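Asker: I would like to see how this sequence folds:
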Amino acid sequence: MNIKEILNQPEGRRLEFKAELPEHSDLAKTVVAFANDAGGDLYIGVADDPREVVGLDEDKLVAIEEKVSNIIFDRCYPAILPEIKFISEENKHLIQVTVFRGSTPPYYLKEKGKLQGTFIRVGSTNRLADEAIISELERRRRNISFDSEVIPDKPVNDLSIDGFKAIFKEKTGEELSDQALRKLDLVKDMQGVKYPTNALILFSDDPLRNSLFHYAKVECARFKGVSIDDFIDQKVLRPILPHKQRKRTTLCYVISIKERPLRECTLSLAGSTLLRQYVRRFVMRWFIGIILSQERTLRLQSMMIW
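Answerer: This is a model prediction of the structure:
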């Protein structure tokens, strides 16, 4: 994508425009948020509303570049190494600051500390990360997933997993042995004692599950016709794992049965339900409407509401 095409793009998760060098704190927040997320580009010398290439004084380009470098070095931690380039458009001079996705998150503002200085991108804005998101960033740095994180609150031998054992036996024809638990990364040894991971807690019948994941539930609703306007009934499935919560998210899938077998649709729903990270500590409701229209089209309309 060339610079003209980029300048026609709206600001978003990986793109931001500034008419002039931002305040030190604003620049540092944007750089930290980019590094914690998927990286991004900041263009200095471009007004956003209305979008206009205003340019920078050519004689001040080197001084601005040095200021940008100093702000990032002095205010961001761990160290972030951006790529800074001078570019020209419409005979005007711009500075492009490219921040790459960081490998040692969470990144934060030095003067604020980790809890008050970690920022993430939400759309085109920088938002303060809460403790759950900070924990998720720390897991990313350690290259571990949420489901494989150990829970030392109760040894596996004291955990009630009879229901999971029965389902495992029914589906695989095998016993849920210690070897199977280790192979599935559902238990880990700590000082000679086996403890469950988050995944095993979520599969268990133990009171610890409700204590740690009281918000984990799926509410299935039935609708009449091909829309969600005419509500019939609903059912709460608490043993089923919830989707990862994302604020203000609406997902709508239209899948033709001719193109996607029903089994594939079922597996997609099951997989997306199970293979998630459950780091949000509030109740989320997940509604799934499955509608078979006269055109033999399976419509899966899903909305996250909380």
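
Asker: going forward, measure contacts and count neighbours with C-alpha atoms only.
Answerer: Will do.

Asker: where does this protein dip in pLDDT?
Answerer: Counting by pLDDT under 70, the chain shows low-confidence ranges at 1, 217-220, 225-228, 237-306.

Asker: name the residues that touch the longest helix along it?
Answerer: Determined from DSSP state H, the single longest helix within the chain is helix 61-75. Helix 61-75 is touched from outside by 21, 24, 27-28, 31, 79-80, 84, 86, 95, 109-111, with contacts defined as C-alpha atoms under 8 Å, 6 or more residues apart in numbering.

Asker: could you rerun that using 7 Å?
Answerer: With contact meaning C-alpha atoms under 7 Å, 6 or more residues apart in numbering, helix 61-75 is reached by 24, 28, 79-80, 109-110.

Asker: what do you get for stretch 8-22?
Answerer: 34, 39-48, 54, 121-124.

Asker: which parts of it are buried?
Answerer: 11, 13-21 (16 or more other C-alpha atoms under 10 Å).

Asker: same question for stretch 182-197.
Answerer: Here stretch 182-197 shows 185-188, 194-197 as buried, counting by 16+ other C-alpha under 10 Å.

Asker: tell me what the helix or strand just after the longest helix of the chain is packed against?
Answerer: Sequence order places strand 76-77 as the next helix or strand after helix 61-75, per DSSP states H and E. In this structure, strand 76-77 packs against strand 108-109, with contacts taken as 3 or more C-alpha pairs under 7 Å, 6 or more residues apart in numbering; DSSP states H and E.

Asker: identify the residues contacting stretch 121-136?
Answerer: 11-13, 29-30, 33-34, 37, 106, 115, 118-120, 279-280.

Asker: what does stretch 160-167 give?
Answerer: Here stretch 160-167 makes contact (C-alpha under 7 Å, 6+ apart) with 176, 203-206.

Asker: ok now the strand or helix carrying residue 208, how far from the chain's centre?
Answerer: For residue 208, the host element (DSSP H and E) is helix 207-212. Computed by C-alpha atoms, centre = their mean, to the nearest Å, the chain-centroid distance of helix 207-212 equals 24 Å.

Asker: also stretch 83-103?
Answerer: 27 Å.

Asker: quick one: end-to-end length of that stretch, please.
Answerer: 16 Å (C-alpha to C-alpha, to the nearest Å).

Asker: buried residues, that stretch. List them.
Answerer: Buried residues in stretch 83-103 (16+ other C-alpha under 10 Å): 84, 93-103.

Asker: any chance of those residues in TSV, with secondary structure too?
Answerer: Shown next, in TSV, are the buried residues of stretch 83-103 (DSSP: H, G, I helix; E, B strand; the rest coil):
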residue	secondary structure
84	strand
93	strand
94	strand
95	strand
96	strand
97	strand
98	strand
99	strand
100	coil
101	coil
102	coil
103	coil
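
Asker: residue 87 contacts residue 56, correct?
Answerer: No - taking contacts as C-alpha atoms under 7 Å, residue 87 lies outside contact range of residue 56: 10.5 Å.

Asker: please report the distance of the residue in the chain sticking out farthest from the centre from residue 92.
Answerer: Ranking residues of the chain by C-alpha distance from their mean position (C-alpha atoms, centre = their mean) puts residue 59 at the top, at 41.8 Å. Look at residue 59 and residue 92: by C-alpha to C-alpha, they are 12 Å apart.

Asker: ok, now residue 190?
Answerer: Distance of residue 190 to residue 92, computed by C-alpha to C-alpha: 61 Å.
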